[in-house]
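Trainee: 3D, please:
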Amino acid sequence: MSQPVAKPVLYYVHDPMCSWCWAFAPVLEQLLERLPNVIEVRRLLGGLAPDTDEPMPEDLREMVQGSWQRIKQHVPETELNFDFWTKCVPRRSTYLSCRAVIAARRQGEKFEQAMITAIQRAYYTQARNPSDANTLIALAGEIGLDTAAFEKALRSAEVDRELEAEILQARAMDIESFPALVYVDARGPRPIAIDYRDPEPMLRMIDTAISRSCEDA
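Mentor: Okay, the predicted model is just below:
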């Protein structure tokens, strides 16, 4: 269960290498811009796939590419560069990119979203592999981080423990897939259905939750 909150919190649970999170990014930005000021936003890294050095098996490659194809059908404006699948050696390994987000955050909150976006653009539009530490270190330099401090944090036990804590918190809210939105107030957690095309349905659900919370006050 999530920690007690003094005011409503909207949790966004994601993984920077989740293709549907990339598809959701533009609408998420619109949603966050229009949220009532009373709501605090917290991002949680859900951790899509643990560390591995093994290349992605062919059947899994086909499954993930199929997911990209479905995104192009349902959210056609999403940019996806399929050159990744021939230029890189894909691995089903996203925890390192999650740690990169935490390592970036440690140099300032403004770098959290900057690193998420950098990883997504590298993976989905530039055919670069964020499962590789060298790619993540290069991205850190590109967004203005101290790369030596970033690399040290990326490999640290502290950042690893922080990621594990966020994964456990997401699981405690029964998150089974990404992206996910969970609104939490004194009444407890309430999942907000994701809409990849329009922030309005999500805003209405959040407004309803706020109204019910006020009725109980």
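Trainee: where do the strands sit along this structure?
Mentor: Shown for the chain, the strands assigned by DSSP state E span residues 9-14, 40-45, 180-185, 188-192.
Trainee: got these as CSV, with distance to Met115, mean pLDDT and mean neighbour count columns?
Mentor: In this view, the C-beta of every residue, glycine as well, is placed from N, C-alpha and C. Shown next, in CSV, are the strands of the chain (distance: least, CB to CB, whole Å; pLDDT from 0 to 100; neighbours: other CB atoms under 10 Å):
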stretch, distance to Met115, mean pLDDT, mean neighbour count
strand 9-14, 12, 98, 22
strand 40-45, 11, 96, 17
strand 180-185, 20, 96, 22
strand 188-192, 24, 94, 15
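Trainee: Ala138 is nearest to which of those?
Mentor: strand 40-45 (20.6 Å; CB to CB).
Trainee: which other helices and strands does the closest one contact?
Mentor: strand 9-14, helix 95-105, helix 157-172 (3 or more CB pairs under 8 Å, 6 or more residues apart in numbering; DSSP states H and E).
Trainee: if we go to 7 Å?
Mentor: Contact partners of strand 40-45 among helices and strands, from 3 or more CB pairs under 7 Å, 6 or more residues apart in numbering; DSSP states H and E: strand 9-14, helix 157-172.
Trainee: and the ones you listed, which is most packed in?
Mentor: Highest mean neighbour count of these: strand 9-14, a mean of 22 (counted as mean count of other CB atoms under 10 Å).
Trainee: who touches it?
Mentor: 21, 28, 35, 39-46, 170, 173, 175, 178-184, 206 (CB atoms under 7 Å, 6 or more residues apart in numbering).
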